[in-house]
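# Here's a sequence, model it:
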Amino acid sequence: MNQSMRGATQFFCLLLLFAGGSSIADDSSVTTSWSTGLEYSSGTYGGDADIEDLYLPVGFSVNLPRVSFDLTVPYLSIRGPYGTTIIGPGGEPLPGTGEIVTESGLGDIVAGITVYDVLYSDRLGVALDLTGKVKFGTADETKGLGTGEQDFTLRTDLYKFFEQFALLGSVGYKFRGDPEAVDLEDVLIASVGGIFYASDAARVGLILDYRESAIADGDAVTELSGFFSRELSDDWALQFYLFTGFSDSSPDWGGGFLFVAT
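Numbers count the residues shown, from 1 in each chain. You can find the predicted model right below:
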C-alpha cells in the first residue's frame with residue numbers, strides 16, 4: 001500500500017480531515033498527531049490464485065505551521081502462492097507458484113516531509129503543496145514482504161477549494177531501489193479527485209490513483225477509492241474507505257479504516 005495505506009488517497013484524506021477550507025491550520029503552534037488503521041485487499045495480479053494483503057500502520061506526525069514531518073511503521077501479512085513478492089505497500093505483487101502460504105512481519109517504514117502552501121491564493125481558493133518521502137527497505141524480502149531496497153518519492157499536490165467542495169490533483173515520481181532478483185523501473189504517479197463537505201464534521205469523496213508499472217511491460221496500477229470521514233471531536237477523527245482496481249497490477253478490491261488523533 002501507500003504512502004502508507006492507499007497511495008495519495010490517504011494523504012489527501014488525512015490532510016483535509018480536520019480542515020474546513022484551507023490546506024493548513026491557521027494556528028502557529030507546533031502540534032503532534034498519530035494515526036492507526038487496518039486495511040485488507042485481495043487480487044490475483046495476473047496470476048491464478050488470490051493474494052491477500054493485511055496492512056496495519058502506526059503513524060506519528062510533527063506539524064509546524066507550514067511543514068509537517070511524518071513516520072509510519074506498519075505490520076504486514078501476506079497470504080498467497082509461495083514465492084509471491086510484494087513490491088511495496090500499494091505496489092504490484094509478483095505472483096508466485098506452489099502452495100498457499102502466509103508470511104507476516106514488519107513492513108517498510110516510511111518517513112516524509114510536506115511543505116504546505118508553496119503557492120497559495122486565498123482569492124482563487126488554490127493551494128500547492130510539496131511532499132518528499134523515503135521508504136526504507138525494512139520488510140523481509142525473503143518472506144515476500146518487500147524488496148529490501150529504499151524507494152524515494154517526490155510529489156506535488158494541488159487543491160482548489162469551494163464553499164462545500166474541494167478538487168484535488170497530484171503528480172509525482174517514485175525512484176525505485178533495485179533488488180537483486182527483480183529489475184524495477186522508476187515510475188510516474190498521479191491522482192485526481194474531489195471531496196464534498198457534507199457537514200462541518202463529515203466528508204465524502206472519490207479519488208482515482210494512477211501509477212506506472214514498476215515492471216517493464218506490466219500494466220499500470222489504476223485504482224478508484226471512495227471514502228467517508230467523520231470528526232468525532234476537535235481531536236479525534238475516523239475514516240472508512242473502499243477501493244477497486246482496473247488492471248492486472250491492481251487489487252480486485254479492498255477496504256479499511258483509519259483513526260486519527262491530534
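# Endpoint to endpoint, stretch 224-240 covers what distance?
End-to-end distance for stretch 224-240: 14 Å, by C-alpha to C-alpha, to the nearest Å.
# whoops, stretch 170-187 was the one
End-to-end for stretch 170-187, by C-alpha to C-alpha: 14 Å.
# Strands of the stretch 1-150 of the chain, start to end?
Secondary structure of the stretch 1-150 of the chain (DSSP state E, counting those that start in this stretch): strands at 31-43, 51-63, 67-81, 85-86, 93-94, 100-106, 110-121, 126-135.
# where do the helices sit along this protein?
7-17 (DSSP state H).
# Provide a list of residue ranges in the stretch 51-200 of the chain with pLDDT below threshold.
Judged by pLDDT under 70, the stretch 51-200 of the chain has its weakly predicted residues at 87-91.
# try it again with 80
Along the stretch 51-200 of the chain, segments meeting pLDDT under 80 span 83-94, 96-97, 180-182.
# before we move on, back to that, now mean neighbour count and distance to F227 too, for the strands of the stretch 1-150 of the chain, in CSV please.
(Each C-beta comes from the backbone N, C-alpha and C, glycine too.) Below are those laid out as CSV (neighbours: other C-beta atoms under 10 Å; distance: least, C-beta to C-beta, whole Å):
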stretch, mean neighbour count, distance to F227
strand 31-43, 18, 12
strand 51-63, 19, 16
strand 67-81, 20, 18
strand 85-86, 24, 23
strand 93-94, 22, 23
strand 100-106, 14, 26
strand 110-121, 17, 20
strand 126-135, 20, 19
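# quick one: which of the ones you listed is nearest F259?
Of all the strands of the stretch 1-150 of the chain, strand 31-43 sits nearest to F259, with 5.6 Å by C-beta to C-beta.
# relative to strand 51-63, how tilted is the closest one?
170 degrees (axes from the mean of the first three to the mean of the last three C-alpha atoms, to 10 degrees).
# Contacts for strand 31-43 next, please.
Residues outside strand 31-43 that contact it (C-beta atoms under 8 Å, 6 or more residues apart in numbering) are 1, 5-6, 14, 25, 50-63, 93, 239, 243, 245, 250-262.
# do stretch 173-182 as well
85, 87, 94, 137, 141, 147-155, 184-189, 211, 214-215.
# Mind checking which of the residues you listed are buried?
85, 87, 94, 137, 141, 147-149, 151, 153, 155, 184, 187, 189, 211, 214-215 (16 or more other C-beta atoms under 10 Å).
# wouldn't S191 be in contact with G205 here?
No: the criterion here is C-beta atoms under 8 Å, and S191 misses it with G205 at 11.5 Å.
# Compare the strands of the stretch 1-150 of the chain and give me the one nearest L167.
With distances scored as C-beta to C-beta, the stretch of the strands of the stretch 1-150 of the chain nearest to L167 is strand 126-135 (9.7 Å).
# so what does the closest one touch, helix or strand wise?
Contact here means 3 or more C-beta pairs under 8 Å, 6 or more residues apart in numbering; DSSP states H and E; on that basis strand 126-135 packs against strand 110-121, strand 151-161.
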